[in-house]
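coordinates only, sequence not included:
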């Protein structure tokens, strides 16, 4: 009788993913990386320099949860697909590195989705309330106006929120840049294995 004998372990084998799985992997990776590049380096600067600050903040508050959830989902699905077709017992050093890159991307994306992004949005909403009560928020541009700097100097609550915003924006940006770098490395890993275009 052929087959495995009960109690005897079988050696894992490397199976080649189907073209559908390869396509899904590329779709998830390129969707995530494309969104990250667009939101980080194009949309944010254009909206921030052309819209009133409160309008820009409102758009970010509505848009970013979708952005963070989509990038987290893509990162998780990429890790899952890659891990399914690369058993840990058969991983080369490059494949192990790729698993780590995908895991770091998932971790950074989830931190932004579940914590930094939401906290940042909440702080911005609180700051907007204070600014509106002082007739501020309709100025256009990415940089803080003189009136906001004066408000920060005179209002301890606003000053505290401003400090928290700086911290959480920095952490969120760091996670976002980490995700961009991880997805860029993953794209490079795939490109290095292409035999033709």
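Happy to help now that I have it. These numbers were taken from a predicted model, which means no experiment stands behind them.

helices or strands next to the host helix or strand of residue 21 in the packing?
Using DSSP states H and E, residue 21 falls within helix 19-38. Counting contacts by 3 or more C-beta pairs under 8 Å, 6 or more residues apart in numbering; DSSP states H and E, helix 19-38 is packed against helix 53-84, helix 156-191. In short, each C-beta sits where N, CA and C put it, glycine included.

and the next helix or strand past the helix or strand containing residue 108?
Per DSSP H and E: residue 108 is located in helix 93-111. Per DSSP H and E, helix 93-111 leads on to helix 117-133 as the next helix or strand towards the C-terminus.

helix 93-111 and that following helix, what's the angle between them?
Between helix 117-133 and helix 93-111, the angle comes out at 30 degrees (axes from the mean of the first three to the mean of the last three C-alpha atoms, to 10 degrees).

which other residues reach the following helix or strand past helix 117-133?
Counting by DSSP H and E, the element after helix 117-133 in chain order, helix or strand, is helix 146-154. Helix 146-154 is contacted by residues 130-131, 134, 136, 139, 144, 158-159, 162 when judged by C-beta atoms under 8 Å, 6 or more residues apart in numbering.

for the residues you listed, which one is nearest residue 115?
Nearest to residue 115, judged by C-beta to C-beta, of the contacts of helix 146-154 is residue 162 at 19.5 Å.

what sits against that closest one?
Here residue 162 is in contact with 127, 152 (C-beta under 8 Å, 6+ apart).

same question for the one 3 residues further on.
Contact analysis of residue 165 by C-beta under 8 Å, 6+ apart lists 120, 123-124, 127.

how near is it to residue 129?
13 Å (C-beta to C-beta, to the nearest Å).

next: residue 154.
Taking C-beta to C-beta, one finds residue 154 at 16 Å from residue 129.
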